[in-house]
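# Provide a 3D model corresponding to the input given below.
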Amino acid sequence: MTVTTDPVPPTPPPPGGGDALAPFGYPQELRRRMGRYASFAAGFSFISVLTTVFQFFSLGYSFGGPLFFWTWPAVLVGQLLVAACFAELAARLPIAGAIYQWASRLGSPAFGWYAGWIMVIGRIVVVAAAALALQVVLPAVWPGFQIVGGDPAPTTASGAANAALLGLVLLAFTTLLNVLDNRALSAVNTIGVTAEIAGVALIVTLLVTHAERDPGITLHTGGHGGLITALLVGSFTAAYVLIGFESASEMSEETVNPRRTAPRTTLTALTTSGVCGGLLLLGGLLAAPSLTDGRLATEGLGYVLTSTLGDGLGKVLLADVAVAVCAATLAIQTSATRMLFSMARDGVLPRSAALARVPARTGMPGTAALVVGVGAGLLLLLNLASPQAFLAIGTTCIAMVYLAYAMVTGPMLVRRLRGEWPPPAGGERDELGRPLFSLGRWGLPVNALAVAYGLFMTVNLAWPRAEVYDPEGGHWYFRWFTVLVLAATVATGATYRWYRDREGSAGQPDGAGRGGSSASEPEPATVRA
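Just a heads-up that it's a prediction; the model follows:
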């Protein structure tokens, strides 16, 4: 056996990507039907600026005041650095379970397993957090959606309980779609993205035309706490919104011409979302009836829409936001399902055979979708314990995603420093015979900055600030929730791996690189005879 550092066999990919998995040892089980717009929709729906900006605007404003707007472009630049690295990988490794597959080949199989494991748990938490966003908009559209109690604010006991109920209903719907044929899933995603883009354009236009002040207001502070803390916590809004752009890569095995399509739609989804979200933030600050009455810090953009545009039009636009929430939850669950499927296909998870099963009738990993849906539903029940669970769940999922991102960009940087990335130019062509996406001479500085940014944001998000996670006191576990969940995730993974090795089910080195779903693990694709 000889070991090569080239993670992609230098063979030109076939037109359309029909046999694109053959060099990696996988059969084509998922149905390859997604075009460029559907691929873009996968990333844009995951980010879903309408869902997440409405969900987290109040948090950013409560700490940073109008000045928190400037954390948006800062986070966008940082995420574009990460996305550029991912685009290079998407062109060379068009495989479902992107983070797991990439980390396994750039680092080591064991390292990749932990990256995938953290990402799977993180994605399940993201699904729960996204489903909770319905509470921010539906009761404002129609009071009848407030089924439990009278106060719809997510920070109250009745609002938190109702958020869990609405979220469970939504999860039942998205899980069903993830079990059916992917044509239904793509259709719902496409409709949701189109409605969201139209909604963003209309909302921004209306807010700007109803502006009460000029953009200079964004240079003013107004939150609580010192300036540095205000900006660090204010960045949570952008950090939560601008994730999931790699979902286009997660869907590579279902995308036509994935080597060409996925890198471009990854960058396009993030850039489009960044511009749309920044305009939403600015429009909200300019059009808010008041910046000092406290409502912007508690009710966020929903308050701006209904107060500025009137109940009629404001509720119509909020209904569009509700559609975006549904599309986002669906896209995030789909991405989590593909990650779970990819790991199970390599036989590195409990019950891998069941999780990796893809019925020929549907072409969808239905069991994996059910696991993600049930896991997210159980997390929603935490909202019944305390309204503070909403913020704890939200920031935990972001921190886990950022850490998993760093577990890809980190070993990628090591490869660059060794001169092992990108791979040799032979066979560096996409399905249409064109050169693959490459950062060229900018690769090293972009990669280094991406690693530094990712690690900084992970620490920032996980830092146990009492004023953020336990403002009322008495809930120490919410203050340390992110750290505890990360520690529990790693400990659970380590325990499972120890038990599996002890039982002798891992006689071969674990990692990615072959089809099937037996309990034994394959040789990595980077090792070739």
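# When you work out contacts or count neighbours from here on, use the C-alpha atoms and nothing else.
Noted.
# Neighbours of residue 147, how many?
The local packing of residue 147 (other CA atoms under 10 Å) involves 16 other residues.
# If you drop the residues flanking it in sequence, what lies closest to it?
Leaving aside its sequence neighbours, residue 147 sits nearest to residue 162 (CA to CA, 6 or more residues apart in numbering; 6.3 Å).
# Contacts only, for the one you found.
By CA atoms under 8 Å, 6 or more residues apart in numbering, the contact list for residue 162 reads 135, 146-149, 152.
# What of residue 67?
217-222, 231.
# So what does residue 26 have for phi and psi?
Residue 26 adopts backbone torsions of phi -110, psi 140, taken as degrees, to the nearest 10.
# just checking, what packs against the host helix or strand of residue 495?
Secondary structure from DSSP states H and E places residue 495 in helix 481-502. Helix 481-502 makes packing contacts with helix 109-132, helix 389-417 when contacts are defined by 3 or more CA pairs under 8 Å, 6 or more residues apart in numbering; DSSP states H and E.
# Pull out the buried residues from that helix.
Buried residues in helix 481-502, counting neighbours by 16 or more other CA atoms under 10 Å, are found at 481-483, 485-486, 489-490, 493, 497, 500.
# what's the closest of those residues to residue 405?
Set against residue 405, the nearest of the buried residues of helix 481-502 by CA to CA is residue 486 (14.4 Å).
# and the helix holding residue 495, how far from the chain's centre?
Centroid displacement of helix 481-502 relative to its chain, using CA atoms, centre = their mean, to the nearest Å, is 22 Å.
# Now that helix: average pLDDT?
Mean pLDDT, computed over helix 481-502, is 91.
# re the thing from before, would you turn the contacts of residue 162 into TSV with distance to residue 378?
Output for those, formatted as TSV (distance: CA to CA, whole Å):
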residue	distance to residue 378
135	17
146	21
147	20
148	18
149	21
152	21
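# Filter those residues down to just the buried residues.
Neighbour-count burial (16+ other CA under 10 Å) applied to the contacts of residue 162 gives 135, 146-148, 152.
# okay, the residues you listed in JSON lines with distance to residue 363, pLDDT and secondary structure next?
Shown next, in JSON lines, are the buried ones among the contacts of residue 162 (distance: CA to CA, whole Å; pLDDT from 0 to 100; DSSP: H, G, I helix; E, B strand; the rest coil):
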{"residue": "135", "distance to residue 363": "33", "pLDDT": "90", "secondary structure": "helix"}
{"residue": "146", "distance to residue 363": "37", "pLDDT": "93", "secondary structure": "coil"}
{"residue": "147", "distance to residue 363": "37", "pLDDT": "92", "secondary structure": "coil"}
{"residue": "148", "distance to residue 363": "39", "pLDDT": "85", "secondary structure": "coil"}
{"residue": "152", "distance to residue 363": "40", "pLDDT": "85", "secondary structure": "coil"}
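# can you redo the helices and strands packed on helix 481-502 as JSON lines with mean pLDDT?
Listed next are these as JSON lines, based on pLDDT from 0 to 100:
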{"stretch": "helix 109-132", "mean pLDDT": "92"}
{"stretch": "helix 389-417", "mean pLDDT": "90"}
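# Could you identify which of the ones you listed is most buried?
Ranked by mean neighbour count, those are led by helix 109-132 with a mean of 25 (mean count of other CA atoms under 10 Å).
# ok, back up a step: farthest pair within the contacts of residue 162?
The widest separation within the contacts of residue 162 (CA to CA) is 12.7 Å, between 135 and 149.
# Go ahead and produce CSV holding the CA coordinates of the helix holding residue 495.
Output of helix 481-502 as CSV, limited to C-alpha atoms (Å, rounded to 0.1, in the frame of the first residue of the first chain):
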residue,chain,number,x,y,z
PHE,A,481,-25.2,25.3,28.3
THR,A,482,-23.0,25.6,25.2
VAL,A,483,-19.9,24.3,27.0
LEU,A,484,-21.8,21.5,28.6
VAL,A,485,-23.4,20.4,25.3
LEU,A,486,-20.1,20.5,23.5
ALA,A,487,-18.4,18.5,26.3
ALA,A,488,-21.3,16.0,26.3
THR,A,489,-21.2,15.6,22.6
VAL,A,490,-17.4,14.9,22.6
ALA,A,491,-17.7,12.6,25.6
THR,A,492,-20.6,10.6,24.1
GLY,A,493,-18.8,10.2,20.8
ALA,A,494,-15.6,9.1,22.6
THR,A,495,-17.6,6.6,24.7
TYR,A,496,-19.3,5.1,21.6
ARG,A,497,-15.9,4.8,19.8
TRP,A,498,-14.4,3.1,22.9
TYR,A,499,-17.3,0.7,23.2
ARG,A,500,-17.2,-0.1,19.4
ASP,A,501,-13.5,-0.8,19.5
ARG,A,502,-13.8,-2.9,22.6
